[in-house]
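1. quick one, what's the 3D model for this:
(2 chains)
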Amino acid sequence: MREPNDAELVSAASHGNREAYASLVRRHASRVYAVCLAMLHDPDDSQDAAQDVLIKGLEKIHSLRDGNQFAMWITRIAQNHCRDHWRTQKRRDELLHKHSQETSVASESSTPDLSDALARLPDKYRLPLMLYYFDGQSIDNLAKALDISRAGVGSRLARARHALRRLLEKSHG
Amino acid sequence: MDDYLRPCENYGDRLALMTSGDLSDPELADVMRHLSECGQCRSYWKALQDDHKALTVFTRSHQKQVELVESNVIARILQPEPDRREAGRTSWWRWIMQTKSGRLLAGSTAAAIVIFILVFMQGTSGTFEAWADVIENVRNATSCRCRARELGSDRHEAIKTYSPIGFSQITYEDGEVVERYFIDFAAGTMIHAIPPLELAVSMTVGTKMIDRYVEKDPQAIFTELTALDYVDLGQRRVDGREAVGIRAEGRELVPELVENAEIEAWVDVKTKWPIRIDIRGTSADGRIAKRVRFDEFEWNIPVDEDDFQWNIPRAYDVASGIEIEMDEPHAIEGLGGFARVMDRYPPTLAYEQIRPVVWKQLGMRMLTTDVIPEMHRIRATCSFYGKLVREERQVVYFGDRVTPGDPDRVLLRWKTDQDDQYRVVYGDLRAETVNGAALLELEGR
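-> Residues are numbered from 1 along each chain as shown, chains lettered A, B, ... in the order given. Below is the predicted model of the structure:
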């Protein structure tokens, strides 16, 4: 039997079919987690955030007009959620009089591993890279999900890897 | 190591696709043939494979978290309704009590309730209860297309398309296309074309500049506006629809465009989507005013990469090799370029106030491939200045009194991250960092 596509699942989910939304969760949990990890850098925070995002997705699914855009839509919710998380964190840090400079200087002086280097990549590069590796899908599927051409995916990944390599080289002197 | 960073131009993308086995047979054969001939691409390919392996291992190490996310969410959404409520209460309570983020959220929520009572009960008196839905709609929109036009001029209008993958603008004068902008965020490219004059400028755009383009979209403006101390304008009919409006003003709204701005936003009560945003900008002395209206919004429209790319026709006169970015070196370059064209620095770094000055001095020469790139560069300078204003870096610009012939006078300065340290750009565009006492002495010159 043919697997329902995202648009069909979104349509069923917005009419109250929770099984349909569960299928969307199975299909997109890794993407959402990847986005959260890319932005929050902490696995535990990212796990909490990804759960919140997917639950929020169910609550808001009726507002998504074009079900084919689910991947982009849930990615956007994840990005917004993580930005809110940053702001809360920032406010808390300010309240606690933590000097953010200390943290960044400390992290820059230590030898970073791949995770640190990924964390320092600009969003523009980090997100496609994380989505690609975490989704574990073919370039064709990724191109479809990101709404760009295959060459575009290749180009983004190549640039992301360049940037990552530069960071690793820089940190290793 | 440079070899890694420079594969042959035609093979970089294809080598990336080859890493994951995503090339067709003919493509693969072509790339293999090239690899056998090109040592540079072989080094690149080897490094790509190493990175690919490292990233795959890294991803697998997070697989457990992904599985937990999936199972926890599915368990929550598939629980029967009454149990879910009960279990929800228990797990939420446990989460609040046992986790730092839970306690933080509980504290923030309590604070938010207090702020809500203080602000809303006193100021807005609950005229529209669905702002949260509106903000949520806007924030989660995947794309937006709208019309922008300067009020008071019926001849021009622009159709702007905003999305996470790019921005485009087509400007019409009496129905004819007079200007096109295309920015492809992934490729980091911008094309600005002026069809009636058959000229175009092709630029590369840095990531910080792209972030600024993203931040300026109507979604961001609206979200920012609702986070400010705004005035409730109540309910009235706008474009034939029942709408509620809010208004905020201040220097920090769009400092890179105008020195003072007032933004008014109207939202359809029924659909809970914005239907009009008016931006009124004035110079500090009130002499220059600009009023732009964004309306005819379409949200969540399908977009793809092709919407943000454009093949420049062969007949066009093209300027290329221009790079714009929102950082100090490019900001200084922008000032230098402007001075080369105009023999002076811009009197202000609010872009909408610079344009009329240039137009007045250069007239149609403004629309040449010599001058247009400088306008984009100075626009990047303005964006950098705007960023400093928003970050409250005590930025001051003296372009109205300092000229390229004043090598020791301060043209632009701002506070750095360090205590009592200021970055100073002089009239000859040298830059250095000085302390507060030295700055005082410099600014006294």
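
2. which stretches of chain A aren't confidently modelled?
-> Along chain A, segments meeting pLDDT under 70 span A:1, A:89-117, A:119-128, A:131, A:133-139, A:141-142, A:144-148, A:151, A:162-163, A:165-173.

3. for it, longest helix please?
-> For chain A, the helix with the greatest residue count under DSSP state H is helix A:70-95.

4. and that one, what does it pack against?
-> helix A:6-14, helix A:18-40, helix A:43-60, helix A:139-146, helix B:100-119, helix B:131-140 (3 or more C-beta pairs under 8 Å, 6 or more residues apart in numbering or on different chains; DSSP states H and E). No exception for glycine: its C-beta is placed from N, CA and C like everyone else's.

5. the second one near chain B at all?
-> Think helix A:18-40. Yes. With C-beta under 8 Å from any C-beta of the partner chain as the criterion, chain B is reached by helix A:18-40 at A:18-19, A:21-22, A:25-26, A:29-30, A:32-33, A:37.

6. any idea how far B:I74 is from A:S46?
-> 18 Å (C-beta to C-beta, to the nearest Å).

7. neighbours of B:E323, just the number please.
-> Burial of B:E323 is recorded as 16 neighbouring residues (other C-beta atoms under 10 Å in any protein chain shown).

8. so it touches B:M209, yeah?
-> No. Using C-beta atoms under 8 Å, B:E323 is not in contact with B:M209, being 9.5 Å away.

9. around chain A, pick out the residues from the stretch 51-200 of chain B.
-> Residues of the stretch 51-200 of chain B lying near chain A (C-beta under 8 Å from any C-beta): B:51, B:54-56, B:58-59, B:62, B:65-66, B:68-70, B:72-74, B:76-78, B:99, B:101, B:104-105, B:108, B:136-137, B:139-142, B:164-165, B:185-187.

10. show me which of those are buried.
-> B:51, B:55, B:58-59, B:62, B:65-66, B:69-70, B:72-74, B:76-77, B:101, B:105, B:136-137, B:139-142, B:164-165, B:185-187 (16 or more other C-beta atoms under 10 Å in any protein chain shown).

11. what about these, which are in helices?
-> Per DSSP H, those map to helices at B:51, B:55, B:58-59, B:65-66, B:69-70, B:72-74, B:76-77, B:101, B:105, B:136-137, B:139-140.

12. quickly list the domain ranges of chain A.
-> A:1-98, A:111-173 (automatic domain parsing).

13. B:F338: what's it in contact with?
-> Counting by C-beta atoms under 8 Å, 6 or more residues apart in numbering or on different chains, B:F338 touches B:345-346, B:374, B:377-378, B:381.

14. gap between the two ends of stretch B:19-30?
-> By C-alpha to C-alpha, to the nearest Å, the extent of stretch B:19-30 from end to end equals 15 Å.

15. what does stretch B:359-378 give?
-> Across stretch B:359-378, first to last residue, C-alpha to C-alpha, it's 14 Å.

16. what's next to stretch B:270-278, contact-wise?
-> Residues contacting stretch B:270-278 (C-beta under 8 Å, 6+ apart): B:130, B:133-134, B:137-138, B:151, B:218, B:221-222, B:238-239, B:241-243, B:263-268, B:291-295, B:297, B:299.

17. which residues in chain B form helices?
-> Under DSSP H, chain B gives helices at B:2-5, B:12-19, B:25-37, B:39-60, B:63-78, B:81-98, B:100-119, B:131-140, B:207-215, B:218-227, B:328-342, B:351-362, B:372-390, B:436-443.

18. nearest to A:H81, out of those?
-> Across those, A:H81 has its closest neighbour in helix B:131-140 (9.7 Å, C-beta to C-beta).

19. how far is that closest one from where the chain is centred?
-> 19 Å (C-alpha atoms, centre = their mean, to the nearest Å).

20. likewise stretch B:404-415?
-> On C-alpha atoms, centre = their mean, the centre of stretch B:404-415 falls 28 Å from that of its chain.

21. and the end-to-end length of that stretch?
-> End-to-end distance of stretch B:404-415 (C-alpha to C-alpha): 23 Å.

22. report the beta-bridge partners for B:V177.
-> Beta-bridge pairing of B:V177 under DSSP bridges involves B:Y172.

23. tell me the residues of the stretch 301-445 of chain B that contact chain A?
-> With C-beta under 8 Å from any C-beta as the criterion, the stretch 301-445 of chain B meets chain A at residues B:302-305, B:417.

24. now tabulate those residues in CSV and tack on neighbour count and pLDDT.
-> Below are these laid out as CSV (neighbours: other C-beta atoms under 10 Å in any protein chain shown; pLDDT from 0 to 100):
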residue, neighbour count, pLDDT
B:P302, 13, 83
B:V303, 22, 80
B:D304, 16, 79
B:E305, 19, 76
B:D417, 10, 88
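
25. and of these, the nearest to B:A331?
-> Lowest distance from B:A331 to these (C-beta to C-beta) belongs to B:D417, with 17.0 Å.

26. how many neighbouring residues does B:D420 have?
-> Neighbours of B:D420 (other C-beta under 10 Å): 12.

27. next one: B:V395
-> For B:V395, the count of nearby residues is 21 (other C-beta under 10 Å).

28. gap between it and B:I210?
-> 22 Å.

29. next: B:W45.
-> Counting by C-beta to C-beta, the gap from B:W45 to B:I210 is 29 Å.

30. so where's the stretch 201-350 of chain B shaky on pLDDT?
-> Checking the stretch 201-350 of chain B against pLDDT under 70 turns up B:214-217, B:251-252, B:288.

31. hmm, try it at 80
-> Residues of the stretch 201-350 of chain B that meet the criterion pLDDT under 80 lie in B:207, B:211-229, B:250-254, B:284-290, B:304-305.

32. could I get the full set of strands for it?
-> B:231-238, B:241-250, B:260-268, B:274-282, B:289-299, B:317-324 (DSSP state E, counting those that start in this stretch).

33. can you tell which of those strands is closest to A:N68?
-> Of the strands of the stretch 201-350 of chain B, the one closest to A:N68 (C-beta to C-beta) turns out to be strand B:289-299, at 15.4 Å.

34. what strands flank that closest one, and is each parallel or antiparallel?
-> Neighbouring strands of strand B:289-299 in its sheet, by DSSP bridges, are strand B:144-150 (antiparallel), strand B:274-282 (antiparallel).

35. any idea which of the ones you listed is most buried?
-> Neighbour counts (mean count of other C-beta atoms under 10 Å in any protein chain shown) averaged over each of the strands paired with strand B:289-299 peak at strand B:274-282, with a mean of 21.

36. hang on, B:E70 packs against A:H28?
-> No. Counting by C-beta under 8 Å, B:E70 does not reach A:H28; the two are 9.4 Å apart.

37. B:T171 contacts B:I194, doesn't it?
-> No. B:T171 lies out of contact with B:I194 (C-beta under 8 Å); the separation is 9.4 Å.

38. what do the two both touch?
-> B:178-179.

39. count the residues that sit near the closest residue to B:T226 other than its chain neighbours.
-> The shortest distance from B:T226 to any non-neighbouring residue, by C-beta to C-beta, 6 or more residues apart in numbering or on different chains, is to B:I135 (5.6 Å). A count of nearby residues for B:I135, using other C-beta under 10 Å, gives 19.

40. residues in contact with B:I135?
-> So B:I135 contacts B:222-223, B:226 (C-beta under 8 Å, 6+ apart).

41. ranking these by neighbours, who comes first?
-> B:F222 (25 neighbours).

42. measure it to chain A for me?
-> According to C-beta to the nearest C-beta, to the nearest Å, B:F222 stands 13 Å off from chain A.

43. pretty sure B:C8 sits against B:E37.
-> No. Contact between B:C8 and B:E37 fails when scored by C-beta under 8 Å: they sit 10.0 Å apart.

44. ok, those two, which is more surrounded?
-> Set B:C8 next to B:E37 and count neighbours by other C-beta under 10 Å: B:C8 wins out with 14 against 9.

45. since that was my last question, I'll sign off now.
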